[in-house]
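Peer 1: Here's my sequence, what's the structure:
(one chain, ligands or ions: 1)
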Amino acid sequence: MGSGRVPAQAVPDHAYAAAVAQRARAESWGDQPYGAVVVLDGAVVGLGPSRVVQRRDPDAHAEREAIGDALRRLGRADLAGAVLVGTSPPCSRCREAARRAGIRRALWGERLEPVDLDP
Ligand SMILES: [Zn+2]
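Peer 2: Numbering: from 1, shown residues only. Next up, the predicted model:
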């Protein structure tokens, strides 16, 4: 698995738009222009605007926020089977956070470019 290609159809059309909406939220309070969402079974289950400035937390990247939001909403300890969709490529720390949350697939940008989550 890992780098295996999963058909893009597995991610709903509105996933990237949802990530863009999170980027707009972050920008609305003067944060870094990044947004991400977590998609599970075709539904957006986690929202991640960047909150680095808002929370004065250097780890509050959009992807980390989306993962945390999804875990809290679902009341789960992992996000196996979920897909992380972001407006930009995730940094190394966010890729690690995704792996630790059991996420095996991540995509970024309007073209849903695949992200290699392997260390
Ligand atoms: Zn990051």
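Peer 1: could you pull out the helices for this protein?
Peer 2: For the chain, helices defined by DSSP state H occupy the ranges 14-28, 52-55, 62-74, 92-100.
Peer 1: What is the shortest one packed up against?
Peer 2: Spelled out, that is helix 52-55. Contacts defined by 3 or more C-beta pairs under 8 Å, 6 or more residues apart in numbering; DSSP states H and E place helix 52-55 against no helix or strand at all. C-beta: built from backbone N, CA, C; applies to glycine.
Peer 1: go on, the third one?
Peer 2: The criterion is 3+ C-beta pairs under 8 Å, 6+ apart, and the helices and strands that helix 62-74 contacts are helix 14-28, strand 35-40, strand 43-49, strand 83-86, helix 92-100.
Peer 1: where's stretch 72-91 relative to the chain centroid, distance-wise?
Peer 2: Relative to the centre of its chain, stretch 72-91 is centred 5 Å away, using C-alpha atoms, centre = their mean, to the nearest Å.
Peer 1: and it, does that touch the ion?
Peer 2: Yes - shown here: stretch 72-91 in contact with the ion (C-beta under 5 Å from the ion) through residue 91.
Peer 1: For that stretch, measure first residue to last.
Peer 2: Criterion C-alpha to C-alpha, to the nearest Å; first-to-last residue distance in stretch 72-91 is 22 Å.
Peer 1: ok, back up a step: the helices and strands packed on helix 62-74: which one's closest to residue 106?
Peer 2: Between residue 106 and the helices and strands packed on helix 62-74, the shortest gap by C-beta to C-beta is with strand 83-86, which sits at 4.1 Å.
Peer 1: That's all I had, so thanks and see you.
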